[in-house]
Every structure is written in structure tokens, then in C-alpha cells.
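Chemist: Predicted model, plus sequence, below.
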Amino acid sequence: MAGSRRPVVVGGNRTPFARAGGAYAHVSNLDLLTAALDGLVARFGLAGERLGEVAAGAVLKHTRDFNLTREAVLGSALSNETPAYDVQMACATGMETIASIADKIRLGRLDVGVAGGVDSASDAPIVVTEQLRAALLDLNRAKTVQAKLAAVAKIRPSHLAPVAPDVAEPRTGLSMGEHQALTTAAWGISREEQDELALASHQRLAAAYDAGFFDDLVTPYRRLVRDANLRPDTSMEKLGALAPVFGKRLDTPATMTAGNSTPLTDGASTVLLADQSWAAERGLPALAEVVDLEAGAVDFVHGKDGLLLAPVHAVPRLLARHGMSLADFEIVEIHEAFAATVLATLKAWEDPDFCRDRLGRDGPLGSIDRARLNVHGSSLAAGHPFAATGGRIVATAAKELASRGSGARGLVSVCAAGGQGVVAILEAV
Amino acid sequence: MSDTYLELVNSGFTAELAKRLGLPRPARLRRFRAGDQLVPGPVLVLADGAAGADADALAATLLDRDLDVRRRPDGDHRWGAVVVVLTGVTGPADLSGPALDLAGVLKKLAHGARVVTVSRAAAEATDPAAAAARQGVDGLLRSLAKELRGGATGNGLVLADGTAVTSPSALGALEFLLSAKSAFVDGQLLTVQGTGGHPPADPDRPLDGQVALVTGAARGIGAAIARTLARDGARLLLVDVPAAGDGLAAVANETRGTALQLDLTSPDAPQRLVEHVRSRFGHLDVVVHNAGITRDKLLANMTPDRWDSVLAVNVIAPLRVTEALLDAGVLGEAPRVVCLASTSGIAGNRGQTNYAASKAGVIGMVRAQAPVLASAGGTVNAVAPGFIETEMTARIPALTRQVARRLNSLQQGGLPTDVAEAIAFLASPQAGGISGQVLRVCGQNMVGA
């Protein structure tokens, strides 16, 4: 990992995020990713250029989109000679593309690349029932009329109902929200704490838009200029009036509402990563170095950890590798899958017993001042198009770090389905 | 945005019908295509009795461009252009000879022909008779332009005393006025008062290697300016408000430029722009203040937001940006600043007090900035479009739009590219002797000067 090569975030671009069924209801993953890519190309004057690689992905993906990222490159203003590949790691997809491109830059295999992600809950593939799928495959294989009739005869009316996509964990059958509800209850996180976090997210995101902070991070798309989920005028009263939606079958009071959980969202994000010298030669900015990343996973299947708490374990490992503590970071970005996810993560790091028993530490990992946490809002306000969230957070954090001056460090944490997560350290150049 | 009437009177049965009914028949204008001849036929160079040397010099430069140049109005030609050199007139009687020579060839002009007068500035003549003759050219030219048909235009070059007819800007302006690039410039007199500027190294890419800023570049005239400057070789920094960012990105990628989403009316915008220029480009050679808005209302019904927003975008932002760029020292060695004015700012327009105030303001600004830019080795000019076919004018009610289109000598609206070509000329290295001027691109609109 030595040498003079430093992968830096040059900048980012994303579409405004729309609520599912909203502004992008009839827009595909490919359209969204191409738009985000084109905005990035325009921002940095890269039209017609051949870049090292573009890595991106989507969580909800049609089979026809097997080469989604390459197709987006072909449809974009980049040179058609730019290679591209798809990555899929649930909500950590964006983070994993950043890891992949940054590592290759550090190794010297690339000078410049784009990382990103896209998701459209509106454009989700509709899946047919398993029985209908089996019958249709049999029908396809049947050679005689009799065999064909036999295959068709197996189909029952009940098989014809489409199976809507959901975000349930295959091994537990629980939705992500119900999994988080278990964690929320286990850590005793109150409704008020969650609503406060959600309120701060909306207020900070709105303030950042008003200050022009996103002028060079977001490009409008389909008449949407800001994130559709953003509610600048929300309040504790409004958030407090919402009925709980998750954890209603638990013994403890249900606290998770539509206001303190992220909605299904459509959108795409991209991040331009380059070796520092590549950026310097072109007069392009070097906002922050991608210092290192760490992936984590937990055994949520047996209830050992909450589904979304992999970063709780990954962060201490990453810090240890660099001899750092939580106090070394000017800003901390924890993806707000649910307000309670962030709060459970913070409580775990502050809890001496948990840190001793589960993280093998002498004392707590530490606490994070709320003034340093998600300083320009996060997913509760912006929305969360699964694979696009990593790119959104990293580009936002890198710009904020650059404004704080050389050496300013940021910690990024993104949890994901399947009990996984990817965390990263960024440092202003 | 298409002009159906223009199509009808230029094709098939409806063309014949329009002719018989004596309806106005706007011509399809000759527009620039790479590789086309500068003019659509031989060039006739006429002169007053004392301008022989100037006429010879101009004829020689045109010959150097491989044009068929004639000095006598003889022969059976479809003239591509007539250049009338009147730099020697000392009294009104001197106009007679060249004017009547010109009269003899007017019925033999090619489609899209050009008539260009070259004369001296009346204001500089101390002798009343000379001043009368020089000013006379003005009336001759403007009336002639209204007489020409078939897409032909008439324009004049007015040279300050001491500016030779072969000075870089005089030749550059002559070429622009002869070319298809001036398709919608008609009845205009453009003053050249300096010997600055130089011919481009590559005539096909006069802005090669230069960095150009275009504001309001997401669509319409701004997008056309971007495309034209890119064609001429410029590296582009394109700016528009964040809300227009998707259109801006598309234009930037098409022109291989760079998009910057920035509201130029925000307090810190000039400084953010300066920092962006410094870090990404180092300097700017060309600045085109194109961003503009309309918020039409009769003054009696005017609201503060309508008045203030129009002034803020159209004139206050260009003032602040130019000042910031000058103060920061990020302009190149021979900067060219071009601002968008409007014929509304010259002649006024009902319902546009705010817009006209802002656009007249631009004209005042340009005149006052000319000496400032001169000390920085540069120029600043305004281009004043008339009725241009854009999304903005497409929103005018249909009947009003039809009337507005026909109210000029070319009987049609101009295209965004027509405005862009005028800007590209004023931005070129050759236009260094033209500053503080307002060039109208209006097809000689009947209203205004």
C-alpha cells in the first residue's frame, strides 16, 4: 500500500433522489445511472475521455440489466472505450465500488475511475410465483403438444399473482424494518431520540441546499431539483404524530415510523476517483484521500447481532489498523437506514459491557458529538436508493472535509442487508 | 419554434400563391456551413472618387481569399456582394457616383448577397460638408437595407480616422458582414476605432486554445453560443443556475466543455466563479454574459420581485462578475467581454420596463467599461438581439408572435445561432479594434434605431 499513489475523491454527482413512484416513476436504473454519470462528466469536462474503469451497481435489478454499468457508459458522454463492471453488495454497493476503484488506483492499475450506484424502487422487477416460473420453464422445454398442454395444465389461478419485490431477509423472513425493530428494542432506543435525529437530518440537508452546498454535487433530473423526500418544515410535532410501522408485534412500545425510517427511493450517484497527480495535472480538485475501507458482517441469523450493526464491528478494526480513535474524526457519516440504526451504533460504542464482551476492548470505543454527525443530513432526509447511498455520502463528506482544510478526517459507515456493512476513512488532501 | 409561414412561401404551390397575392415573402437566409464560399458570387468593389487607394487595398485582400473580385459593375453576374468604399467623401455630392453605380446592380444580386459600405465616422469630421457626407452614408445604408430582398443584407463599417481599411478589425468585420455568419445582421453600422487585434493563426479555429465563459448556457441562445465558440476552438466553462443543471450538462458534454452550476445573483457567486476559474483554467480569454430573464408586466402592475430579479440577473450580475474577474486578474492578455443587450433596451417595448431598463443598462455598462478593458488589453461589446426563435419567444401568443417576426427587413425571426455568430466574431482575436459598441442582430427591426 506504500508509494506515492493516493486515491482521492475529485468530486461527485448525483441525481436528486425521488420517492418511489414519484418523479422517476417511469425512469429505469439505466436512465438514472446514465444521467448521474453525464452530470459528473460535464462537471469535470471529461466528455469523450477514456477513463480507467467505471464501477457501479444496483440492488433491485432486472436480468436485462446484466451489464448495467457498461450500458450506462455506452449511453454517456464518456468514450465508449471506458471499461465498466457491475458490483452488488446490497446497500453497501456504492461503498464497495469506491473501495474497488480506490484500491486499483493505489495499486497503480488505474489513474482514474468512477464509482457509483443506482436504485429504482419504482422500476423494480416484478417476479412471478415460483410455481408459475417452474411451469413456464417446463412449457419452454416441452417438445410435443401433449407435453405442452401438460405443462400449461399445472398453472393455477393463484400462481398468476405477481410477487412484489420486498426487502425481507431470506433466512429470517423478517423485513429490514422488523429486524431493526428488534435492535431498537434491544438497545432501548426511544421514539423521541429517533425523531430528533430525523428532524436534524431534514434541517441540515435543507440548510445545505439553501447555502448552495449541493450546487456541485447534484444535477437536476426530470424537473426534480432537490431530494423529493426532504421536508424543510418538519418538526418534532409533525414527526411525533406519525403512527409506528415497525415492531408492532413486540412486547416493547413500537417507536419506528415513516418519519424516522427511510422511504423507498429512486436515484443514482457517482464519485470521480483519481490518483492525486492525475487530478493535479488537469487542475481538478482533490477533495479527500480515500485512506482505507473495511467490510464487516454479523451473524444476525442466530440473533447474535442486529441485522444492520456490522459497522459496529468493522469500525474498531479499521481504527485499530490506523491507530486512530473516534476522536480523530472531524466528521462522522453514519448512513441513516433508520434513525434507530444510527442510535444503536452510537450506543454500542458507548457501552462498556458491549465493547468489552463483543469488541474485546478494555473500555468503550467512544462517543460521537452530534455536531460532528451527518453534518449535512443523511438518508432520513435525502432518501435511500440502496446502491446510490455510498456515493452520496462519500462525495458529500469529501467536499465537507476539503472545506475544513488539509488533514481533516472523516469516518463513513454504511450498513447493508444480509448483515453486512462497509466503513471508510477519508482525509482532506 | 419553427416558422411555418416562411416554409410555405418558399415551397410549391403556396409560394406561387403568396407571390400572386403580393404577400410578404421572407427568404430562407444563407447560414454558415463549413466549406462554403464566403459569398455566393463575384464581389464588386465600388468607391467614391477619392477612395481609390482604399478600394484597391480592400480588393487586394479579397483577392487573396480567392474571391472573384471586380472593380466595375459590368457583365452578366449574380453578384455575391458589393463593397462600397466611401472613405474619401468630402461633401454630399460625392455620394452620387457610387450610389448610382450600386443602384445599377441591385437587381442582379445573388440570393443572400451582401452590400457593405465602408466609411469614416461623421463625428470626427470638422468640416460640415464632410460630416454631412459621412452621416449621409448612414441614411443611405439603412434605407437600402430595407429595400433589399432575397435574404440579402446591407450593413456598414464605420472607421475612426486613423484606422486603416486594412486594419485587422476592419478586415475582420468586413469578412463577418460578407459571410453567412451575419445572416440576421441587417441595416447596422459597426464602428471600428482601433488598430488592435490580429488575424487568427487558424481561420477555421479563431479561438483555438482560448478559455471562454458563457453564462446562461443551458439552452436557447446560450447553448448556441457554446456550440459556436466550441466550433471556433474555445475550451468552454459553461454556467447556469443549479435548477438548469441537466440542460447545462448536456450542452457541456456536447461541446466537450465544463459545467458549473451557479446562481450568479448570489452574494458570493463572483468569488466562487473566480476561484473556479483559477483552479480549473488559470484564466479566461472570453467572457459572454448571456444569462438573462424576462418577467414582463406593465409598469402599472409591476411587483418588486419582478423588477428586482430582472435587474439582478441581466445587469447587476454581469457588472459584479466582470469587476471581480478584473480585480482578481484572471483575465487573459487580450480579453474579450461580450454582453447580451436587446433591441428592447434600445427602442423600448410595452410591458418590458424592467427588462428594457436592464438591457439599456447593459449598453451603458459596456460603453463605460470599454476604457477599463482597453487598459487590460481587451475589449467589451454588446450584442442586441431582436426577435429570435427560442423557447422564450415561442411562449408569446401566436398572433403577436407572427406580427413580431415580420416586423424587420428580413420578415422573419432570427435563430440563436445568428446571435452566437455575432458574439463569436466580437470574441475573436481579430475584433481587437472594436470596443464599447452595440451590434444589433435583429434583421433591421423596424422599431428602434
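Modeler: Arrived safely. Numbers count the residues shown, from 1 in each chain, chains lettered A, B, ... in the order given.

Chemist: which residue packs closest to B:Val137, ignoring adjacent ones?
Modeler: Take B:Val137 and drop its neighbours on the chain: the residue closest to it by Cβ to Cβ, 6 or more residues apart in numbering or on different chains is B:Ser119, 4.3 Å away. To be clear about C-beta, it is placed using only N, CA and C from the backbone, and glycine gets the same treatment.

Chemist: pLDDT wise, what is residue 355 at?
Modeler: Chain wasn't specified; assuming chain A. Listed pLDDT for A:Cys355 reads 97.

Chemist: look at chain B instead
Modeler: pLDDT, read off for B:Tyr355, is 97.

Chemist: Doesn't it belong to a helix?
Modeler: Yes. Residue state for B:Tyr355 (DSSP: H, G, I helix; E, B strand; the rest coil) corresponds to a helix.

Chemist: so what are the domain limits for chain A?
Modeler: A:130-160, A:176-211+A:291-428 (automatic domain parsing).

Chemist: residues in the stretch 1-150 of chain A within reach of chain B, list them.
Modeler: In this structure, the stretch 1-150 of chain A approaches chain B at residues A:Ala35, A:Asp38, A:Gly39, A:Val41, A:Ala42, A:Arg43, A:Phe44, A:Gly45, A:Ala47, A:Gly48, A:Ala77, judged by Cβ under 8 Å from any Cβ of the partner chain.

Chemist: Touching, the last one and A:Val41? I think so.
Modeler: Right, the one you point to is A:Ala77. Yes. Using Cβ atoms under 8 Å, A:Ala77 makes contact with A:Val41 at a distance of 4.7 Å.

Chemist: where do the contact lists of the two overlap?
Modeler: Residues touching both A:Ala77 and A:Val41 by Cβ atoms under 8 Å, 6 or more residues apart in numbering or on different chains: A:Ala47, B:Asn253.

Chemist: Which of these two has more residues huddled nearby?
Modeler: A:Val41 (27 against 22; other Cβ atoms under 10 Å in any protein chain shown).

Chemist: ok, now which ones touch B:Lys359?
Modeler: B:Gly292, B:Asn314, B:Val315, B:Leu340, B:Ala341, B:Ser342, B:Ser344, B:Gly345, B:Ile346, B:Ala384.

Chemist: shaky segments in the chain?
Modeler: Looking at chain A here, since you left the chain open. Scanning chain A for pLDDT under 70 picks out the ranges A:1-3, A:126-127, A:162-167.

Chemist: hmm, I had chain B in mind actually
Modeler: Chain B contains residues with pLDDT under 70 at B:1, B:447-449.

Chemist: rewinding a little: for the residues of the stretch 1-150 of chain A next to chain B, pick the one with the most neighbours.
Modeler: Within the residues of the stretch 1-150 of chain A next to chain B, A:Gly39 tops the neighbour count with 32 neighbours, counted by other Cβ under 10 Å.

Chemist: does that residue really touch B:Pro242, like I thought?
Modeler: No. Using Cβ under 8 Å, A:Gly39 is not in contact with B:Pro242, being 11.3 Å away.

Chemist: What count of nearby residues applies to the residue lying closest to A:Leu318 once chain neighbours are set aside?
Modeler: Nearest residue to A:Leu318, sequence neighbours excluded (Cβ to Cβ, 6+ apart): A:Glu294, at 3.9 Å. Neighbourhood size, A:Glu294 [other Cβ under 10 Å]: 22.
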